[in-house]
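S.K.: what's the 3D shape of this:
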Amino acid sequence: MSFADLKKQSKLGNLTAKLVKEVEKMNTTSGSGDDRVWKLECDKSGNGYAVIRFLPAPNGEDLPFVKLYSHGFQGPGGWYLENSLTTLGQKDPVSELNSELWNNGTDAGKELARKQKRKLTYISNIYVVKDPANPSNEGKVFLFKYGKKIFDKLTAAMQPEFEDEEAIDPFDFWQGANFKLKAKNVAGYRNYDSSEFAKSAPLLDDDDAMEAIWKKQYSLAELVAADQFKSYDELKKRLDYVLGSKGTPRYQDPEEFDEDNTRGSTRELTEDLREELSSLKPTRRAAAVEEDEDDDALSYFARLAEE
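M.R.: The predicted model follows:
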């Protein structure tokens, strides 16, 4: 598809319908060391602000986002930080174990399954419009990892709840809108409730400049390709070790874990965990934390640190 075709589809509005259809289908089915990845930098109080623009699907790909499932928890034998094969629609040893734990009828089994449940991350290309904490990022294309809270805001923009709200395709160069990403600390957890879209407007006034941005995007399909995941047997072996079922259980610090785990995004997960354990220090579990925040890896790993 050419850039001219992309603009033509923007005028016709058919990309929005395709995105809405894909989101509906998904809803009905069950690294910080990477310089391609942009992260919002927050101050000591946990507050952060930036303006970003979600970009269209990369050339040759169908969707402007991919979703990745992963697991992150600690057992007697160390940390389990792995991508889940359920991302590919395949069986995964942790999901199988969690199903058994949930169905055994005990509260202890259900609690353990909750601690080991898979985490959902979305990944998109973005253009950084404004980054007060790191101005050098402005005007550049990055990958952006985000959770269900932000994804719900994207969905709401495409499917407004009220009649007086105009639907927009947040991933469109011309008909989209800048996203004001606002983070704050709520009871020790990072919260994005205040984030919002600006009014719909072209990203830039120059089509040639936007085409150059489009061509700089990273492949999203490659991030969830089969070769980014370990095999079932490899994951099962690691799971058994972490849970103390095989080998000699020992405590393993996250700092050490990534030495022998280079496939997939395990290294990125480990570095994300290390960052969050050092920056987030909740004093107690919040009395009421929204359920969908569980899908935010930041909140999840903060709870791991507590436990």
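
S.K.: drop to CA atoms for contacts and neighbour counts, all remaining ones
M.R.: OK.

S.K.: in the stretch 101-250 of the chain, which segments are predicted with low confidence?
M.R.: Where the stretch 101-250 of the chain drops to pLDDT under 70, the residues are 246-250.

S.K.: Show me where it has its helices.
M.R.: Along the stretch 101-250 of the chain, counting by DSSP state H, counting those that start in this stretch, helices occupy 107-115, 148-158, 207-215, 232-242.

S.K.: Pull out the buried positions in the last one.
M.R.: Okay, so that is helix 232-242. Tyr232, Leu235, Arg238, Leu239, Asp240, Tyr241, Val242 (16 or more other CA atoms under 10 Å).

S.K.: Repeat that for the first one.
M.R.: Residues of helix 107-115 classed as buried by neighbour count (16+ other CA under 10 Å): Gly109, Lys110, Ala113, Lys115.

S.K.: Over to stretch 170-187?
M.R.: The neighbour-count check on stretch 170-187 (16+ other CA under 10 Å) flags 170-185 as buried.

S.K.: likewise stretch 194-201?
M.R.: Of the residues in stretch 194-201, Ser195, Glu196, Phe197, Ser200 count as buried by neighbour count, 16+ other CA under 10 Å.

S.K.: Stretch 70-90 now?
M.R.: With burial defined by 16+ other CA under 10 Å, the residues of stretch 70-90 counted as buried are 70-75, 77-87.

S.K.: These in strands, which ones?
M.R.: Ser70, His71, Gly72, Phe73, Gln74, Gly75, Gly78, Trp79, Tyr80, Leu81, Glu82, Asn83 (DSSP state E).

S.K.: Pull up the gap between the second one and Phe65, please.
M.R.: Counting by CA to CA, to the nearest Å, the gap from His71 to Phe65 is 20 Å.

S.K.: give me every residue that touches Arg238.
M.R.: When contacts are counted by CA atoms under 8 Å, 6 or more residues apart in numbering, Arg238 touches Tyr80.

S.K.: one step back: which one of the helices of the stretch 101-250 of the chain lies closest to Asp43?
M.R.: Nearest to Asp43, of all the helices of the stretch 101-250 of the chain, is helix 148-158, at 20.1 Å by CA to CA.

S.K.: Can you give the distance of that closest one from its chain's centre?
M.R.: Counting by CA atoms, centre = their mean, to the nearest Å, helix 148-158 is centred 13 Å from the centre of its parent chain.

S.K.: cool, stretch 165-179 as well?
M.R.: 20 Å.

S.K.: All the strands of the stretch 51-200 of the chain, residue numbers only.
M.R.: Listed in chain order, the strands of the stretch 51-200 of the chain (DSSP state E, counting those that start in this stretch) span 65-75, 78-83, 119-130, 141-146, 179-186, 189-191, 196-197.

S.K.: quick one on the thing from earlier: any chance of a markdown table for the helices of the stretch 101-250 of the chain, columns distance to Glu96?
M.R.: Below are the helices of the stretch 101-250 of the chain laid out as a markdown table (distance: least, CA to CA, whole Å):
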| stretch | distance to Glu96 |
| --- | --- |
| helix 107-115 | 10 |
| helix 148-158 | 23 |
| helix 207-215 | 40 |
| helix 232-242 | 10 |
